[in-house]
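Student: okay, here's the prediction I keep looking at, along with the sequence it came from:
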Amino acid sequence: MDATSAVELLEAQPRVWDHSLSYIKAMTLQCAVEMEIADVIQSHGEPIALSELAAALEISAAKAPFLSRLMRMLVHMGYFTQVEQQIVPEEELYWVAPLSQLLLKNNPFNARSLVICLNHPNVVDPWRHMSAWFRSSNDDNIIHDTFAFAHGGKKLYEVCSADAGFGQLLAESMGGDSWMFSRAMVANCKEAFEGLSSLVDVGGSTGTTAKVIAEAFPSIHCTVFDLPNVVAAAAAAASAESLPNLDYVGGDMFTDDIPPADALLFKVLINNLCCHFLTERVVYNVSLFS
Ligand SMILES: C[S@@+](CC[C@H](N)C(=O)[O-])C[C@H]1O[C@@H](n2cnc3c(N)ncnc32)[C@H](O)[C@@H]1O
């Protein structure tokens, strides 16, 4: 190997490190969500010193230096800002950046469940099995998706049925996304709802999308149709803020009757297979918005 090639390789090496360690950002974000760091700093009401943050998070003094590293990473990722400290210059001060709004528990559009869901072993494992999937030789009875391959042949929703906690997490994971998406949809696509008197949101999860539609179009009766355990939790949570034109029906869309309606909404359901607004006619392709 000549000297130029050696230098080129040396310069390329950090990229391999970068690619191989890129999971650190995901894990750092998950840690911030689990520890509710954004909530703690926001409720402090002003920039918080590292020692105060450590105390509020009940982190021991011995581990506080590691909290400093975590916070610097989160600053680098854009969730927090580091503020100049005048009084005790050596003390680090942190404040929330706009991006951290997406981590706050009291924001209806937060992405907390999404972060936890996307880092869940059930979701990460298929990626770890990708080469084994490519190399597997059962082409006669090919298991098309790597998810099923990594889960003993079970598809996503079969895993959800077997693991109710994960099913609930998946159902909730789109909540913030749906909240923002639905508001944009009802504001920009009013014509898609004209003439409808009923709509079923199939796989409607906690009802975020249906709620937005029901509020925007009181003349449309909206039904959230999802697996019974998901619907039970969603309906219980919704009872306090119930809308007269919104209800919940539990069932399995593969085996149970979907309630009849003028329009069926399939949003982020069964991979890309059903990413459409369906009625007797196709009203809108949801993927246009996502
Ligand atoms: C990725 S989430 C999408 C939720 C919602 N449509 C949205 O866009 O926010 C998929 C939803 O489909 C539901 N689901 C999965 N299998 C189902 C089935 N067989 N019948 C009805 N709903 C199902 C899940 O419980 C989950 O709430």
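Tutor: Looks like it arrived, so ask away.

Student: which bits of the chain sit near the ligand?
Tutor: 157, 167, 170-171, 174, 178, 203-205, 209, 226-227, 230, 252-254, 267-269 (Cβ under 6 Å from any ligand atom). In this view, the C-beta of every residue, glycine as well, is placed from N, C-alpha and C.

Student: give me the buried entries from these.
Tutor: If you count burial by 16 or more other Cβ atoms under 10 Å, the buried members of these come out as 157, 167, 170-171, 174, 178, 203-205, 209, 226-227, 230, 253, 267-269.

Student: mind checking which of those residues are in strands?
Tutor: Asp226 (DSSP state E).

Student: could I get the contacting residues of the closest residue to Glu46 other than its chain neighbours?
Tutor: Distance criterion Cβ to Cβ, 6 or more residues apart in numbering; nearest residue to Glu46, sequence neighbours excluded, is Trp95 at 7.6 Å. Residues in contact with Trp95 (Cβ atoms under 8 Å, 6 or more residues apart in numbering) are Ile41, Glu46, Pro47, Ile48, Phe80, Thr81, Val83.

Student: and Ala162, what does it touch?
Tutor: Ala162 neighbours (Cβ under 8 Å, 6+ apart): Lys154.

Student: what is the neighbour count of the residue of the stretch 1-150 of the chain found nearest the ligand?
Tutor: Using Cβ to the nearest ligand atom, the closest approach of the stretch 1-150 of the chain to the ligand is made by Cys117 at 8.9 Å. Using other Cβ atoms under 10 Å, Cys117 has 19 neighbouring residues.

Student: what's the pLDDT at it?
Tutor: What the model reports as pLDDT for Cys117 is 95.

Student: and Arg281, by the same measure?
Tutor: Arg281 is assigned 32 on the pLDDT scale.

Student: show me where the stretch 101-250 of the chain has helices.
Tutor: Along the stretch 101-250 of the chain, counting by DSSP state H, counting those that start in this stretch, helices occupy 112-118, 121-128, 130-135, 146-150, 156-162, 164-173, 175-188, 208-216, 228-238.

Student: let me know which of those helices is tucked in deepest.
Tutor: Counting by mean count of other Cβ atoms under 10 Å, helix 208-216 has the highest mean neighbour count of the helices of the stretch 101-250 of the chain, with a mean of 22.

Student: tell me the average confidence for that helix?
Tutor: Per-residue pLDDT values across helix 208-216 average out to 91.

Student: contact partners of that helix?
Tutor: 174-175, 178-179, 181-183, 185-186, 193, 199, 201, 204, 220-224, 238, 243, 245-246, 265, 267.
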